[in-house]
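In: here are the coordinates; sequence isn't available:
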């Protein structure tokens, strides 16, 4: 079923990957240097080992030639002349001098000039110690200044957003920040104001730099002009320890440097991983480490005694948890035990828990997705794409959530491809999103009817010209034109709205896979390691290694001794079964169904109905408060391991701090519970778990501990092996582009490599043919009927999406982010608002069969007529109180609140 | 009326229509707003941003670059005295001192009745009539102290209303013609230019391909035979 593998398509960004016909030879300081046509002189020289100083140049942005620091002598028709190396492309035979007297004089002059107004307050500057201006002044500067006059003064620092402070006196006007905001983030909210010696970077008055990517400007600032409020005055760079790791806030899996001081995480910096985040991060990922440091973390096991959760020892808590599970298993059978959650876990944790649940306890009712994803078998069966393949495709079909809110760095990558490469994006969506202005065509349709849109889009006759599911015929025709004759299509597939059932996008996905047999799919499921959890079998009907329960029964039966006899329940089924007594014991694996399951009432009934609940969590959440046993888990940065991003790319998690109190990594909890349930999981170290995954999980064959520890695996390994082999070797870290990431310890290597002479259990592969990977015909794409009936004239059909800053635990416990969560509200098309006699800003009563509450309404032309958009979960409420997950769509009515209209 | 309104809004939309990219109309629109209000009000900046699909800070960034665009309120008349070398030698500093005294404000200030803002100018290219004075960018020179007072009196009494419009008005002549070349002709020419550009790119690509093919076929030698530029041309 898998389509022909796509060729590597990163040429548009990485000139060195171009074919040999583009090779040119230049001469740098008398040495011949190989370069690629179109490459910039500064980059070619650097690759050949000649460093040219720079401030404004950043390899991930277009050059501007503003700071003049990179002046070198280039030979032209009239002899050598000074030219900015960041602005001159290489040409065959070009002669360049980077060390001549003239160049040195230019460097001296430029640095002296840049320092004219720069306050020498390095001792109190956050950048001091990792500052490109400091470093390059020492390496290339004159050492003395002739400037005796008064430097310019500004009020300092000023907060240009909740997270970023600006000191204009330190600014050297390199425009890295303004270019990033405009070119890459697409939020040009800061700009140069004034000119000459009064030139300053600033925001518009009272319009803060409220970009989801604002932290990146702090990271790339070559001086201390931009500083992040969570890091200001917290540490000196030389006191920081760092390790390379992966951000698990969402499923993009940005490669980061975790930096700590005195066992507290002080900051994250994005590492330039070419296939993933290219050094960028979103602000939530960058700053939600504060939750890991939080005082509210669970630091010891708790058990319920006389109705109260009281602290206890691990031994006591584990015995109690095992006894509770064992009792239910004896009385009601293994199917009466269920495990919810697991997307927070590392791969090794997920595997250990899958083995514990499916082989030891014997239940298949395990689900890492909180009813907010897509059917696991479908996700695993679709031919997968990488982010690079999506960015290099002929066309991308976006059928998922608002990427800017849920997977921000994926949004950044796709947006860049759309802007720079003119990648045509066809958006199948229910409201306008952050991508709409960059999309070739936005097909804004009625909730629940995506499959009809896809059918109309892929109709071979192309005859349908009338409106479909609210999408105007001409838009459909335009989208068909874009897709006509394109070879490489990538579908970015996620859950567009939590107010409709997963069946709607699943049906649409199957229709797309049928219509475009060559298409590849990039998962847009958002939870941290959801892909890894599914790969490791934390879902009903699947086993580790992307195989189905039935296909893998023999293989895992031999390896594990036992596999559940029949398919179990998904999250929704587990909660229902728990409410009516079929499931008696519930394990919450970092799961908070009350706040995360789309249907809050169903989640509450499920937890209330469960006879026995074990929660494994970092925090006491609304759900884990209901547990009988609460086991404290180590969060990321507190434990080594691996994680899998939405491409199926396996990257390292580094450990930099120790967990609070006696919290454990999740895999250890699984092993200890296994012992108390009478079974040895045979896992003593992470390396042993990885060996077992490599041996048994078919999709992870060959991805060994040793391979993951190689330098070539720094950008991660896409499973299965051989899928994306053409990736270039990871680039060296450039301290001038991303100051602060000087020399990152190659993550995990030291922390987790087995000690010499340490015993490592030999995992033997079972005999017989390994099972085949899931492919599409095995997967049930949701067997829902057709489209839901249109809403009645008084109702609006609800669209519920997440905001980047929402009511999630990690945001709530990060003081810098908690205040950024916008208040909940409902957005309606101005026409509907008018039709219902309401005004923008009115407080309205929103009613659905599930309940009602009052929120402010706002007019939003991006919401189509007949629909209404609400955030799913903000601190002050959200759509989960209105959604009935048994219904295919959710309709709401709005009315003015008396006395306040 | 701080936002662009009425006929000004119509003119703004017409102006935007003159450019292939809306952003190109940014400076003309700033002048239009300044003509309406005498200076660039925050509301006007926001409105311009809205009309051009920019953020307000991008408009402010551009506007604050240009001396003739004022993002702070100025008087109905902007009186500038050049103090560059030619005017300086002809007594511009003394004239500036007198002006400050007679208007009662220092350079950069606005009189309390809102009639005059006094500013120090860089060279206005009127050196042959130094020292020179500009009122709303209309030239006077050479100006002595009495002459300056006369100009101020005349402006205040409205005697120069014919010659000097209020600050912000660049020209009282309206160009109502719109696009002089019909839009469809522009579109046709643009399409033809695009086609030609594509064809040239294709030819160039073919040329390079044949070159590299030649280079691959024969021994690698710098600057090999140029390949035939056939095929692409119609």
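Out: Sure, I can see it. Model, not experiment: these values are computed from the prediction. Numbering: from 1, shown residues only, chains lettered A, B, ... in the order given.

In: Okay, buried residues for the lowest-mean-pLDDT helix or strand in chain B please.
Out: Lowest on mean pLDDT, DSSP states H and E among the helices and strands of chain B sits helix B:183-217, with a mean of 86. By neighbour count on 16 or more other C-beta atoms under 10 Å in any protein chain shown, the buried set for helix B:183-217 is B:206-207, B:210-212, B:215. (Glycine included, C-beta is placed from N, CA and C.)

In: I'd like the distance from that helix to the chain centre, please.
Out: Put simply, helix B:183-217 sits 35 Å off its chain's centre (C-alpha atoms, centre = their mean, to the nearest Å).

In: Okay, now the sheet partners of the helix or strand containing residue A:442, with direction.
Out: Per DSSP states H and E, residue A:442 falls inside strand A:441-444. Next to strand A:441-444 in the sheet, as set by DSSP bridges, lie strand A:425-429 (parallel).

In: Give me the mean pLDDT for the strand it pairs with.
Out: What strand A:425-429 shows for mean pLDDT is 96.

In: buried ones in that strand?
Out: Within strand A:425-429, the residues that qualify as buried are A:425-429, counting by 16+ other C-beta under 10 Å.

In: Include distance to residue A:368 when you put the residues you listed into a markdown table, please.
Out: Listed next are the buried residues of strand A:425-429 as a markdown table, based on distance: C-beta to C-beta, whole Å:
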| residue | distance to residue A:368 |
| --- | --- |
| A:425 | 29 |
| A:426 | 30 |
| A:427 | 27 |
| A:428 | 26 |
| A:429 | 26 |
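
In: between these, which is nearest residue A:802?
Out: For those, the minimum distance to residue A:802 (C-beta to C-beta) is 14.3 Å, reached by residue A:429.

In: For that closest one, which non-adjacent residue is closest in space?
Out: residue A:444 (5.8 Å; C-beta to C-beta, 6 or more residues apart in numbering or on different chains).

In: Could you look up the SS state of the closest residue to residue A:402 other than its chain neighbours?
Out: Setting aside the residues directly before and after it, residue A:402 is nearest to residue A:433 in space (C-beta to C-beta, 6+ apart), at 3.9 Å. Three-state assignment for residue A:433 (DSSP: H, G, I helix; E, B strand; the rest coil): coil.

In: Residue A:433: neighbouring residues, count only.
Out: 25 (other C-beta atoms under 10 Å in any protein chain shown).

In: Counting neighbours, what do you get for the closest residue to residue B:90 other than its chain neighbours?
Out: Using C-beta to C-beta, 6+ apart and skipping the chain neighbours, the partner closest in space to residue B:90 is residue B:130 (3.9 Å). Using other C-beta under 10 Å as the criterion, residue B:130 is surrounded by 22 other residues.

In: again with the one 10 residues further on
Out: Taking other C-beta under 10 Å as the neighbour definition, residue B:140 ends up with a count of 19.

In: Wait, it touches residue B:124, no?
Out: No - here residue B:140 does not reach residue B:124: they are 10.5 Å apart, not a contact under C-beta atoms under 8 Å.

In: Residues in contact with both of the two, list them for me.
Out: Residues touching both residue B:140 and residue B:124 by C-beta atoms under 8 Å, 6 or more residues apart in numbering or on different chains: B:132, B:134.

In: Next up, the contacts around the residue nearest the centre of chain B.
Out: Ranked by distance to the mean C-alpha position of chain B (C-alpha atoms, centre = their mean), the top residue is residue B:27 at 5.0 Å. Residues in contact with residue B:27, defined by C-beta under 8 Å, 6+ apart, are B:62, B:66, B:69.

In: For it, grab phi and psi.
Out: phi -70, psi -50 (degrees, to the nearest 10).

In: Looking from chain B, tell me which residue of the stretch 1-150 of chain A is nearest.
Out: Using C-beta to the nearest C-beta, the single residue of the stretch 1-150 of chain A nearest to chain B is residue A:21, 4.1 Å away.

In: Let me see the contact set for that residue.
Out: Contact analysis of residue A:21 by C-beta under 8 Å, 6+ apart lists B:208, B:212, B:215.

In: ok, back up a step: was I right about the residue nearest to residue A:429 contacting residue A:433?
Out: No - assessed by C-beta under 8 Å, residue A:444 is found out of contact with residue A:433, at 9.4 Å.

In: just to revisit the earlier point, can you tell me which of the contacts of residue A:21 is nearest chain A?
Out: Nearest to chain A, judged by C-beta to the nearest C-beta, of the contacts of residue A:21 is residue B:212 at 4.1 Å.

In: about what we covered before: briefly note if the least confident helix or strand of chain B comes near chain A.
Out: Yes - residues of helix B:183-217 contacting chain A under C-beta under 8 Å from any C-beta of the partner chain: B:208, B:212, B:215.

In: low pLDDT regions in chain B?
Out: Residues of chain B that meet the criterion pLDDT under 70 lie in B:1, B:177-179, B:217-234.

In: Verify the assumption that residue A:265 is located in a strand.
Out: Yes - under three-state DSSP, residue A:265 sits within a strand.

In: what sits against it?
Out: A:258-259, A:289, A:292-293, A:637, A:656-657.

In: at 7 Å what do you get?
Out: Each residue near residue A:265 by C-beta atoms under 7 Å, 6 or more residues apart in numbering or on different chains is listed here: A:258, A:289, A:292-293, A:637, A:656-657.
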